[in-house]
Each structure stands twice: as structure tokens, then as C-alpha cells.
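Visitor: could you look at this predicted model? Sequence included:
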Amino acid sequence: MSSTPKPTSSAQTSGAARLLQRQLKEMSTAKDLPGISVGLLNENNVFVWEVVLMINDDCKYYGGAYFRAHLTFPPEYPHLPPKLVFQAPVPFHPNIYASGELCISILHPPEDDKYGYETAAERWSPVQTPETILLSVISLFSEPNDESPANLDAAKLLRQDRAGESKEFRRRVRKCVRESLGED
């Protein structure tokens with residue numbers, strides 16, 4: 001499958017916009033999505049959502065936090081994945097680049113992984129929805145993936161923390177959590 005972008009038709013864009021409006025409405029009124037809040041960053045653009053993830057105290061991410069992110073959808077949605085970028089303070093996490101961009105398999109393009117790490121089945125599929133993406137992100141805070149890190153320092157410190165060799169990962173995460181709560 002080629003990764004070259006295809007021209008986008010206005011019909012495709014309007015179809016994506018209608019789908020996103022419906023999905024946003026469903027998520028905004030859902031009562032079974034604790035810890036997730038969504039809305040439009042700009043009410044004139046349904047392709048960019050503002051997301052707040054409330055990570056609870058029971059999470060292995062060492063305490064409750066509020067992380068803001070932007071979920072940006074391409075005009076080719078749902079055939080191509082959106083991008084999720086955390087806003088400051090960016091969580092210290094093995095699967096989040098310093099820029100705030102999330103690295104998770106389900107947001108990788110629907111093609112074979114040229115490095116052979118992921119199967120096509122693990123990557124983006126049009127059956128994914130904003131809801132399934134955000135639930136996966138919350139799950140990633142409970143179980144970070146240090147096997148394919150976006151943040152090498154965080155992955156290394158997490159491994160040392162798990163092995164009982166260091167508490168630096170935990171210390172850095174707690175600092176990040178305090179910042180997210182406006183305590184630092």
C-alpha cells in the first residue's frame with residue numbers, strides 16, 4: 001500500500017465532517033466514558049478536537065492527572081488515522097514524544113510496517129473511532145509500552161523502576177502529574 005497522499009475530494013471531506021460531527025455528539029453525551037472529555041478546539045472546524053483525559057488515582061501512572069490534547073483528523077478520515085498531540089505540560093511517558101505527539105500502533109498508517117515491528121492488523125483501521133482511540137490512550141497510561149518507545153529516557157527509567165533499580169521514573173511522573181493539576 002502506498003503512503004503517498006491521495007487528492008481529497010470535497011465529497012470525501014464533507015463525509016468525514018459528518019462522521020466526525022456524529023462521533024463528537026455521541027461521545028459528548030455518553031455516560032459510560034469516565035475520564036474523557038471532548039469538544040471542538042474551534043467550533044468552525046470539526047477536524048480538530050480538544051480532549052481532556054482525567055487519569056485516575058488507581059492508574060499505574062502514579063496519581064491522578066488532567067492532560068489536555070488535540071486530536072486532529074485528516075480530510076481522508078476514517079481511511080487515515082488522526083494525530084493526537086498532548087499540550088503542555090506534556091506527560092513524561094515512554095509512548096509520548098517530547099513534542100507531545102502520541103506514538104501508538106492504532107494511530108500508525110494502515111500499511112505494512114517497514115521495520116517489521118507491527119503487523120498491519122495492529123495499525124490504523126477505519127473501524128477505530130475517537131472513542132476507541134482515547135480508551136486506548138487511557139489504557140496506555142496504566143500499561144506504558146517500553147518495547148517501542150517514543151521517549152527513550154522515559155522507557156529506560158521505567159524499566160529501571162520496574163526492576164527496583166531506581167525511582168526516577170516515578171519521581172518524574174509525579175512532577176508531571178503535579179504540573180497537570182497546576183500544583184507546580
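Guide: Ah, there it is.
Visitor: by residue count, tell me the biggest strand in this structure.
Guide: strand 45-55 (DSSP state E).
Visitor: now do the helix or strand following it against strand 45-55, angle only.
Guide: Later in the chain than strand 45-55, the nearest helix or strand by DSSP states H and E is strand 65-72. Interaxial angle, strand 65-72 versus strand 45-55 (axes from the mean of the first three to the mean of the last three CA atoms, to 10 degrees): 160 degrees.
Visitor: which strands border strand 65-72, and is each parallel or antiparallel?
Guide: Strand pairing for strand 65-72, using DSSP bridges, gives strand 45-55 (antiparallel), strand 83-86 (antiparallel).
Visitor: now the helices for the chain?
Guide: Secondary structure of the chain, counting by DSSP state H: helices at 10-29, 130-142, 152-162, 168-180.
Visitor: with mean neighbour count and mean pLDDT as new columns, can the strands paired with strand 65-72 be given to me in CSV?
Guide: In short, each C-beta sits where N, CA and C put it, glycine included. Below are those laid out as CSV (neighbours: other CB atoms under 10 Å; pLDDT from 0 to 100):
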stretch, mean neighbour count, mean pLDDT
strand 45-55, 18, 94
strand 83-86, 19, 98
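Visitor: in TSV, list the ones you listed along with distance to residue 179.
Guide: Converted to TSV, those look like this (distance: least, CB to CB, whole Å):
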stretch	distance to residue 179
strand 45-55	13
strand 83-86	12
